[in-house]
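Engineer: Show me how the following folds:
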Amino acid sequence: MASRKSAHRNASRRHPTVAARQTGRTDSAQTQAGNQLEHALTLLADAERVAQIGSWEWDIQGNIVTWSDELYRLLGVDPATLRTTFEGGLELVHPDDRDFLKATIERASREGTPYVCVHRVVRRSDGAVRTWQSRGTLVVDEQGRPVKVTGTGQDITARIQLEDALARYAAVIESSEDAIITKTLTGTILSWNPGAERLYGYRAEEVEGHPISILFPTERRDEWEQTLDRVRRGEHVEHQETVRVRRDGSRVHVSVSVSPIKDPAGRVVGASSIARDITERRQVAEALARSRSQLQAFAGRLRSARETERTQIAREIHDELGQALTALKMDLFSLKRSVPEPLRERLLAKTDGMAALIDQMVDKVRTLASDLRPAVLDNLGLVAAIEWAVHQFGRRTGIRCLLDLPPEQVPFEPERSTDIFRILQEALTNIARHAGATQVDIHLRATPGEVVLEVHDNGRGITECEIVDTRSFGLLGMRERALSWGGEVGVHAAPQGGTSVTLCIPLGRGRPGAAA
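Structural biologist: Next up is the predicted model:
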C-alpha cells in the first residue's frame, strides 16, 4: 500500500501530458506547482507526526486504500506487507471489533454522514493491543454517488487510560468522607467535594471562588500563611491537628494534610488539602486521659492508704506484740526464780527453751514489722533506708552488693520516698527470684530536677517477652508508681550481660495522682 506522497508522484509521472493540457501552464509552471504540492504534503506529514494522527483515503470504486506515512508508523506496518484494499486495512483491527467498524463505515457510506468510531487495533510491529479512534467522511461526485471516504486514525490508549484514572480519582473524591479542597496559592477555593460540604456545611457553589480563610477561627488566621510558605517550597504538611469553623459558626477539630499542586514544568501553582473530622476521636482520647488520670489518682490514694495501714500494722506488731513477748519473757524468768529449789532443776530446761522460743518470736516480729514498713525510712530518710535494704538483701541472699549513694541525705516528701524505696525492693526481689546473679550495683543520684535510681545485676538477663508480659505485676507496679510522679522505669537486658533497671522521677511534682 503506497503512501499519499508516492501516490501523487506516480500519478504525475503517468499523466504528464494530461496534466499539462489541463493546467495550460509551461513546464516551469508545472515544476513550480509540483514543488508547492510537495511542500504542502511535507507540511501535512510534519503536522501529522507532531499531532500523532495518521490520515487515509479509500477509493470505493477501485477498492484502493491510501495511507499517510504517520498512519503506517502508528500501526507499526511495513507498507510493502499490507494489502491496499479495505479488507487489508481491516486485518489490523482487533478480531472482536472488525464487524463493528465495518458496519459503522458502511452505514456512514449509505447515509452520507461522517462517523467517529473507537475500537481496538493490533499493532503489527509488536502485537500490542491499542485503543484507536477512527474518523471518516464520505465524498460524492456531482451526481451524488459515493466516490471515496477520507479520514484519520489516532492512538488514544494513553488518553483513555488517563480518563479512566481521572474518573476513578473523581469517584474517590466524590465518595470520600474526608473534605478534599483545592485552592490557589492566594487561598482562593477552586474545588469543594461532598465531604467538605458535610464537614463544613457550605455547598460548593457558596464557597468556590471565595478565600479559604472563611474556615479559619480568628486566632488562627496566620496558620494558612505558615502552611502556604511550606507548600510554596514544595513541602507536604502531614496530619496537622487544628480547628476550623463551620457555616453555622460551630468549631470542629480536624486533621489536615496539605500537598502542593505542580504544573508540567514542576512549578507549584496551587494546593490540595484533605481534612478529617477528629472531634469524636479527641473526645474519646480526652475521656480516656481523664479516666487514666482518675485511675492513677485512685491507685495513688490506694498505695498511700496501704502504706499507712502497713505502718500502723508494723507499729502495732512492734509495740503491742513485741512488748507482750518481752513481758512474757520477764514473767517466765520471775516464775523460774519463784519455784522452790528442789523443783527448779527440773523446770530449768523447759524455761530456757521457752525463753529461746520467745527470743525467736521477738526477732520474727521485728523482721515482720521492718518488712511491712521499715522504721528507718520514716526516721532517717530514703538514703538510709536504701542502705539498710541493700544490706538486708545481701545478708539474706549472699549476693555481693555495691552501693553508690549521695554523700548527704536527700530531702524527699514521704510519699515520693516510699515509692522509690518500694521500686528498689521490687527490683531486688526480682533479682533474687529470677536473675541467678552474683553481684548487684545500686546507684542513687539526685539533681535539682530529678532523682535517678539504677539497679544492675550480672545475671542471665531479662528477655523481651518478660519485659512486655502483662502478667508481670511486679514490673507493672514499678511503672505505675513512677508514672504517678511523671517519671518512668526502664527495664532492659544490658549489653554487657545481666539486667538494668533505671528509675527517673522529676522533682517538683505534686502528690501521686495529681496529674497524668
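Engineer: mind checking how far the helix or strand hosting Ala271 is from the chain centre?
Structural biologist: If you go by DSSP states H and E, Ala271 is part of strand 268-277. Here strand 268-277 is found 18 Å from its chain centre; the criterion is Cα atoms, centre = their mean, to the nearest Å.
Engineer: For Ala384, give its distance to Leu377.
Structural biologist: 8 Å (Cβ to Cβ, to the nearest Å). In short, each C-beta sits where N, CA and C put it, glycine included.
Engineer: and what of Arg290?
Structural biologist: For Arg290, the distance to Leu377 - Cβ to Cβ - is 33 Å.
Engineer: quick one, which of those two is more surrounded?
Structural biologist: For Arg290 and Leu377, the more surrounded residue by other Cβ atoms under 10 Å is Leu377, and the numbers stand at 23 against 11.
Engineer: Tell me, how many residues neighbour the closest residue to the more buried one other than its chain neighbours?
Structural biologist: Sequence neighbours aside, Ala385 is the residue nearest to Leu377 in space, at 3.9 Å (criterion: Cβ to Cβ, 6 or more residues apart in numbering). For Ala385, the count of nearby residues is 22 (other Cβ under 10 Å).
Engineer: Ala385 is in contact with Thr418, isn't it?
Structural biologist: No. Assessed by Cβ atoms under 8 Å, Ala385 is found out of contact with Thr418, at 9.2 Å.
Engineer: what residues are shared contacts of the two?
Structural biologist: Both Ala385 and Thr418 are in contact with Leu377, where contact means Cβ atoms under 8 Å, 6 or more residues apart in numbering.
Engineer: Which elements pack onto the helix or strand where Thr131 lies?
Structural biologist: Secondary structure from DSSP H and E places Thr131 in strand 129-140. In terms of contacts (3 or more Cβ pairs under 8 Å, 6 or more residues apart in numbering; DSSP states H and E), strand 129-140 is packed against helix 98-111, strand 115-122, strand 146-155, helix 157-175.
Engineer: Go again with 6 Å.
Structural biologist: When contacts are defined as 3 or more Cβ pairs under 6 Å, 6 or more residues apart in numbering; DSSP states H and E, strand 129-140 packs onto strand 115-122, strand 146-155, helix 157-175.
Engineer: Would you reformat these as TSV and include mean neighbour count and distance to Gly76?
Structural biologist: Output for the helices and strands packed on strand 129-140, formatted as TSV (neighbours: other Cβ atoms under 10 Å; distance: least, Cβ to Cβ, whole Å):
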stretch	mean neighbour count	distance to Gly76
strand 115-122	17	9
strand 146-155	18	10
helix 157-175	11	13
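Engineer: What residues does Gln240 make contact with?
Structural biologist: Val256 (Cβ atoms under 6 Å, 6 or more residues apart in numbering).
Engineer: What mean pLDDT does the strand holding Thr131 get?
Structural biologist: Average pLDDT, strand 129-140: 92.
Engineer: In it, which of the residues would be classed as buried?
Structural biologist: Buried residues in strand 129-140, counted by 16 or more other Cβ atoms under 10 Å: Arg130, Thr131, Trp132, Gln133, Ser134, Gly136, Leu138.
Engineer: Let me have the residues you listed in TSV, adding distance to Ile274 as columns.
Structural biologist: As requested, those are exported to TSV (distance: Cβ to Cβ, whole Å):
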residue	distance to Ile274
Arg130	35
Thr131	32
Trp132	38
Gln133	35
Ser134	41
Gly136	46
Leu138	52
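Engineer: ok, so of the residues you listed, who is nearest His239?
Structural biologist: Distance to His239 across the buried residues of strand 129-140 (Cβ to Cβ) is lowest for Thr131, with 39.6 Å.
Engineer: Okay, the closest residue in space to that closest one that isn't next to it in sequence and Gly127: tell me how far apart.
Structural biologist: Excluding the flanking residues, the one nearest Thr131 by Cβ to Cβ, 6+ apart is Thr157, at 4.5 Å. Going from Thr157 to Gly127 by Cβ to Cβ gives 14 Å.
Engineer: Leu138 now?
Structural biologist: 33 Å.
Engineer: what's the answer for Ser109, then?
Structural biologist: 31 Å.
Engineer: Show me which of those two is the more surrounded one.
Structural biologist: Neighbour count, other Cβ under 10 Å: between Ser109 and Gly127, Ser109 has more, with 18 against 8.
Engineer: What helix or strand is Val501 located in?
Structural biologist: strand 499-506.
Engineer: Identify the residues contacting that strand?
Structural biologist: The contact list for strand 499-506 (Cβ under 6 Å, 6+ apart) reads 423, 427, 450-457, 461-462, 482, 485-494.
Engineer: partners of it in the sheet?
Structural biologist: Next to strand 499-506 in the sheet, as set by DSSP bridges, lie strand 450-457 (antiparallel), strand 488-493 (antiparallel).
Engineer: Can you lay out these as CSV showing mean pLDDT?
Structural biologist: Output for the strands paired with strand 499-506, formatted as CSV (pLDDT from 0 to 100):
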stretch, mean pLDDT
strand 450-457, 88
strand 488-493, 85
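Engineer: So which of these is nearest Ala265?
Structural biologist: strand 488-493 (51.6 Å).
Engineer: If you count neighbours, what's buried in that closest one?
Structural biologist: Per 16+ other Cβ under 10 Å, strand 488-493 contains these buried residues: Val489, Val491, Ala493.
Engineer: looking at this protein, which helix or strand is least sure?
Structural biologist: Sorting the helices and strands of the chain by mean pLDDT, DSSP states H and E puts helix 16-23 at the bottom, at a mean of 42.
Engineer: ok so, going back, closest to Leu357 out of the buried residues of strand 129-140?
Structural biologist: Of all these, the one with the least separation from Leu357 (Cβ to Cβ) is Thr131, at 103.2 Å.
Engineer: thinking again about what came up before, I figured the residue nearest to Leu377 was touching Phe421, is that so?
Structural biologist: Yes. Using Cβ atoms under 6 Å, Ala385 makes contact with Phe421 at a distance of 5.4 Å.
Engineer: quick one: common contacting residues for these two?
Structural biologist: Taking Cβ under 6 Å, 6+ apart as the criterion, Ala385 and Phe421 both touch Leu377.
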